[in-house]
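**Q** Predicted model and sequence follow; I will ask about them next.
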Amino acid sequence: MAYEFCVNSNITFGKGALKRLPDMLRQVGASKVMIVYDAGVKAAGIAEKVVRLIEESGIPYVIFDGVIPNPTNEVVGEASEIAKKEEVDAFIAAGGGSSIDLAKAINVLMKNPGPIERYGGINQVKNPGFPLIAIPTTAGTSSEITNVSALIDTKKVIKYVIIDNKIMPSMVLADPELTLTVPPSVTAATGMDAITHAVESYISNMATPLTEYNALKGLEILYGNLETAVKDGKNENAREQMMLGCIITGFSFSNANLGLTHAIAHTLSARFKLAHGMANAAVLPYVMEFNASSCPEKMVDLARAIGLKLSGEIEEDSLLLSRELLQLTKKLEIKKLSEQGIRKEDLDALADDSLKEPVLGFNPRSGVQKDDIMKILYKAF
């Protein structure tokens, strides 16, 4: 059987990578660039560093700093109008998944007619956009190297994704020094997001030997460094390893896709504006428990990858991962859904909306019913 595996981005990884930005801008031939970032990146002083390097290159720029968590169609439309008016021909996205996903979506509308929601789904983008340089400041979403942009449709109250190899960033500057100022709670949530990507892509029904290798290796690295990165944010080795694990895992899930955890998390973000990583972390252990019977051998592989002690009884060992993930979320002080503003009366609608998520089609356990999701939500509540 032949397998397809796509990695489109040119990645510069390691301490000091950000300094390569002027060279990259000249390399892509940019005549005017839009910088996309949020208030947190500005407050951390990272935006100032990026602007200084662009000025060093002598290339004119325009700033869009209106990024919001879980970017909406309206924000995409607003930013794309500015980019067109300013005749931008390159983009720089500095930040977490929201900034990079937004930049991807803006770039789609530079060469394709709006509105942006018409490109939801797989391979709906006709024309590739301008060069996009991604500068991740968190280790979690892997948006810097994936073919996915996740957006909120405020009219339909859904979180949807654009999946297309044409939207991948052209270049990536992955500098772990930029993550040293990320607070513990965000480090925990984004780290659990990356772990979710690893385990869900490994058990996806679209997984191949190429994606499985990256998922296992990514999980090993992430699990081995997340607690240290949360407890000691200035630990440069842990930060570098988290960023490395995030990128490796991105190679896996951008090709194998995800599953039920993300179906629920997308709904939580759309309806209640929950941070994506926190939403994933809250339900992940219970989804893995639910999925275990459909792929017990793979669950054992994941448990083995993080050094859990196996008994040799596959049914028992297939549940080790879910139990360990539950303990990990407790150590990292991941909040239960009830602590994140979700009410019991909200769960019914959440389950209904989760069933509509296309990503469910990649879950290893097929035929997911509303009652199944309700049981997961009650456990996470």
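**A** Thanks, I have the structure now.
**Q** Wasn't Val161 part of a strand?
**A** Yes - under DSSP: H, G, I helix; E, B strand; the rest coil, Val161 falls within a strand.
**Q** That one touches Ser149, doesn't it?
**A** Yes - between Val161 and Ser149 a contact is recorded at 6.8 Å, counting by Cβ atoms under 8 Å. For the C-beta atoms, the positions are set from N, CA and C on the backbone; glycine is no exception.
**Q** Between these two, which has more neighbouring residues?
**A** Ser149 (28 against 22; other Cβ atoms under 10 Å).
**Q** could you say which helix or strand contains the more buried one?
**A** Assigned by DSSP states H and E, Ser149 belongs to strand 148-153.
**Q** Can you name every helix or strand that that strand contacts?
**A** helix 73-85, helix 97-111, strand 158-163, helix 260-272 (3 or more Cβ pairs under 8 Å, 6 or more residues apart in numbering; DSSP states H and E).
**Q** tell me the mean pLDDT for the helix or strand that the second one is followed by?
**A** Tracing the chain past helix 97-111, the next element assigned as helix or strand by DSSP H and E is strand 121-122. Here strand 121-122 scores 90 as its mean pLDDT.
**Q** Shouldn't Ala134 be within a strand?
**A** Yes - assessed by three-state DSSP, Ala134 belongs to a strand.
**Q** partners of it in the sheet?
**A** Ala93, Val172 (DSSP bridges).
**Q** How much space separates it from Glu313?
**A** From Ala134 across to Glu313, the span is 44 Å (Cβ to Cβ, to the nearest Å).
**Q** Check Val300 too.
**A** According to Cβ to Cβ, Val300 and Glu313 sit 10 Å apart.
**Q** Have a look at the two and say which one is more surrounded.
**A** Val300 (22 against 9).
**Q** Tally up the residues packed near the closest residue to that one other than its chain neighbours, please.
**A** Distances taken as Cβ to Cβ, 6 or more residues apart in numbering put Asp317 closest to Val300, at 4.9 Å, once the chain neighbours are dropped. Counted by other Cβ under 10 Å, the residues lying close to Asp317 total 20.
**Q** Show me what the host helix or strand of Ser201 is packed up against.
**A** Using DSSP H and E, Ser201 falls within helix 184-203. With contacts defined as 3+ Cβ pairs under 8 Å, 6+ apart, helix 184-203 has these neighbours: helix 209-231, helix 236-256, helix 260-272, helix 276-291, helix 296-305, helix 320-331.
**Q** Would you format those helices as JSON lines with distance to Lys166 and mean pLDDT included?
**A** Supplementary listing: those in JSON lines, determined by distance: least, Cβ to Cβ, whole Å; pLDDT from 0 to 100:
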{"stretch": "helix 209-231", "distance to Lys166": "20", "mean pLDDT": "97"}
{"stretch": "helix 236-256", "distance to Lys166": "13", "mean pLDDT": "96"}
{"stretch": "helix 260-272", "distance to Lys166": "22", "mean pLDDT": "94"}
{"stretch": "helix 276-291", "distance to Lys166": "23", "mean pLDDT": "96"}
{"stretch": "helix 296-305", "distance to Lys166": "31", "mean pLDDT": "98"}
{"stretch": "helix 320-331", "distance to Lys166": "34", "mean pLDDT": "97"}
